[in-house]
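Novice: here you go, sequence then predicted model.
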Amino acid sequence: MANWPWPRVMNPYYEEVRAETTAWFHSFKAFSTRSQYAFDKGNFALLAALTYPKASKEHVRSACDLMNLFFVIDEYTDVEPQPVVREMVDIVIDALKNPHKPRPQGEIILGEITRQYWQSAIKLATPTAQRHFKESFSAYLESLVQQAEDRDNNTNHSIASYLKHRHENIGTRPSYAVLEFRLNLPDEVIYHPTIVKLSEHITELILLDNDITSYNKEQATGDDSYNILTVVMRELNLDLDRAMEWVAEYHAQVQAKFLNGRKQLPSWGADIDRQAEEYLDGLANWARGNVCWHFESGRYFGTKSLEVQQTRRVALLPKAVASVQDESLRRENVVVPLIEALECKA
């Protein structure tokens, strides 16, 4: 991303909304003390502030809350078999459809977090943005069910199938819908082939960057089978360095496709064109903000973030000792590995 035309920009409301969204999320007690610490270290409010730099205070607060919601959904579903993930997803979808209906007593906390998030977000979002969010968020949730099935079956994806599945379960489409909250972009714009393709290019940049930066932590914890580097090594019979080169080259091609594609937009009239440009700038900035967050949050490089950013060299962490699967490490007790703990073993 060294030559990406969009520079790093921080939302001016970051510190204020960080305190608010953290207090809101802590109120659910979705994680035990240990896992909550790992969540706080991830600093998902920073991700929102970097990827929605021009949003109003209320708008970026909504984005922060969504990043937190993504995190808890992903952590809860990542360790469950497909039937359990199906149940969780159905609860979240029901909460999305019924934001004003109290959730059943004793229900998993995902339902109430989703309900409160969407009840607040619909006060900001235009009707078309609300519909686009619900469509894309539901598709993201359904992809988690498929991912769980693949996990249960030890499915090894090809490069093509991996990219196809990752486009949905990375959660970018609902994140893009948040860019629409103050816009009125009709279906003919959002679902226009050129706009769709441009958004897909940004998603690929994000997922490639995510996989590159998360690989070291994932290989250390034995969780790297669902990573583009592992997929490329397996399919093309490459070592890690050659796989990294392949992904970097592919990444450069995707960047070029986005930059060239922006020049080929049709016109829908002055007002819609202005909103479409704002939306596309938001997409492009998402790719930049996402990369900045990887190095500024310390989620994947810990204390060595700045060093890695400057030298572009990463020392592989040793493999963590595999432990017998503890059935109690679910939901609020799920283990979220800290990179600092892995570094201490190096």
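Specialist: That came through, no problem. Numbers count the residues shown, from 1 in each chain.

Novice: could you look up the SS state of the nearest residue to Phe44 once chain neighbours are set aside?
Specialist: Excluding the flanking residues, the one nearest Phe44 by CB to CB, 6 or more residues apart in numbering is Met67, at 3.8 Å. Quick note: C-beta positions are derived from backbone N, CA and C, even for glycine. Judged by DSSP: H, G, I helix; E, B strand; the rest coil, the three-state class of Met67 is helix.

Novice: how far away is Met67 from Trp6?
Specialist: Look at Met67 and Trp6: by CB to CB, to the nearest Å, they are 19 Å apart.

Novice: the residue nearest to Phe44 against Ala45, yeah?
Specialist: Yes: applying CB atoms under 8 Å, one finds Met67 in contact with Ala45, separated by 7.1 Å.

Novice: Met67 and Trp6 - which one has more neighbours?
Specialist: Neighbour count, other CB atoms under 10 Å: between Met67 and Trp6, Met67 has more, with 24 against 16.

Novice: hmm, Trp268 is touching Ile190, no?
Specialist: No: taking CB under 8 Å as the definition, Trp268 is not a contact partner of Ile190, at 11.2 Å.

Novice: who has more neighbours, the two?
Specialist: Taking neighbours as other CB under 10 Å, Trp268 and Ile190 compare with Ile190 leading, 22 against 16.

Novice: wait, Cys292 sits on Ala49?
Specialist: No: counting by CB under 8 Å, Ala49 is not a contact partner of Cys292; they are 10.0 Å apart.

Novice: the stretch 201-346 of the chain: strands as residue ranges?
Specialist: Counting by DSSP state E, counting those that start in this stretch, the stretch 201-346 of the chain has no strands to list.

Novice: quick one: low-confidence ranges for it?
Specialist: Along the stretch 201-346 of the chain, the parts satisfying pLDDT under 70 run over 321-346.

Novice: so if I had to pick from Cys292 and Ala49, which one is more boxed in?
Specialist: When Cys292 is set against Ala49 and neighbours are counted by other CB under 10 Å, the residue ahead is Ala49, at 27 against 20.

Novice: so who does the more buried one touch?
Specialist: Met10, Asn11, Tyr13, Tyr14, Val17, Arg18, Val60, Cys64 (CB atoms under 8 Å, 6 or more residues apart in numbering).

Novice: that one: which element?
Specialist: Assessed by DSSP states H and E, Ala49 sits inside helix 44-51.

Novice: then Ala30?
Specialist: Ala30 belongs to no helix or strand, assigned by DSSP H and E.

Novice: around it, count how many other residues there are.
Specialist: Ala30 is flanked by 24 other residues according to other CB under 10 Å.

Novice: so who does the closest residue to Ala177 other than its chain neighbours touch?
Specialist: Spatial nearest neighbour of Ala177, excluding adjacent residues (CB to CB, 6+ apart): Phe133 at 3.9 Å. By CB under 8 Å, 6+ apart, the residues touching Phe133 are Ala121, Ala125, Pro174, Ala177, Val178, Glu180.

Novice: let me know the secondary structure of the third one.
Specialist: Okay, so that is Pro174. For Pro174, the secondary-structure state derived from three-state DSSP is helix.

Novice: how close does it sit to Glu15?
Specialist: In this view, Pro174 and Glu15 are 25 Å apart by CB to CB.

Novice: all helices in the stretch 1-150 of the chain, in order from the N-terminus.
Specialist: Assigned helices in the stretch 1-150 of the chain, in chain order: 14-26, 33-42, 44-51, 57-77, 82-97, 110-121, 127-152 (criterion: DSSP state H, counting those that start in this stretch).

Novice: distance to Arg242 added to those, as CSV?
Specialist: Formatted as CSV, the helices of the stretch 1-150 of the chain follow (distance: least, CB to CB, whole Å):
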stretch, distance to Arg242
helix 14-26, 39
helix 33-42, 31
helix 44-51, 31
helix 57-77, 30
helix 82-97, 34
helix 110-121, 40
helix 127-152, 26
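
Novice: just give me the lowest mean pLDDT stretch among those helices.
Specialist: For these, the bottom mean pLDDT is recorded on helix 33-42, which sits at a mean of 66.

Novice: ok so, going back, mind checking which of the helices of the stretch 1-150 of the chain is nearest Ala320?
Specialist: Each of the helices of the stretch 1-150 of the chain has some distance to Ala320 by CB to CB; the shortest is helix 33-42, at 14.6 Å.

Novice: now Lys57: how far from Ser138?
Specialist: Distance of Lys57 to Ser138, given as CB to CB: 28 Å.

Novice: between those two, which one's more packed in?
Specialist: Ranked by neighbour count (other CB under 10 Å), Lys57 and Ser138 place Ser138 first, with 16 against 13.

Novice: that one reaches Leu96, doesn't it?
Specialist: Yes: counting by CB under 8 Å, Leu96 is a contact partner of Ser138 at 7.1 Å.

Novice: hmm, back to that, tell me which of the helices of the stretch 1-150 of the chain is the most buried.
Specialist: Stretch with highest mean neighbour count among these: helix 44-51 (a mean of 26; mean count of other CB atoms under 10 Å).

Novice: appreciated, that's everything.
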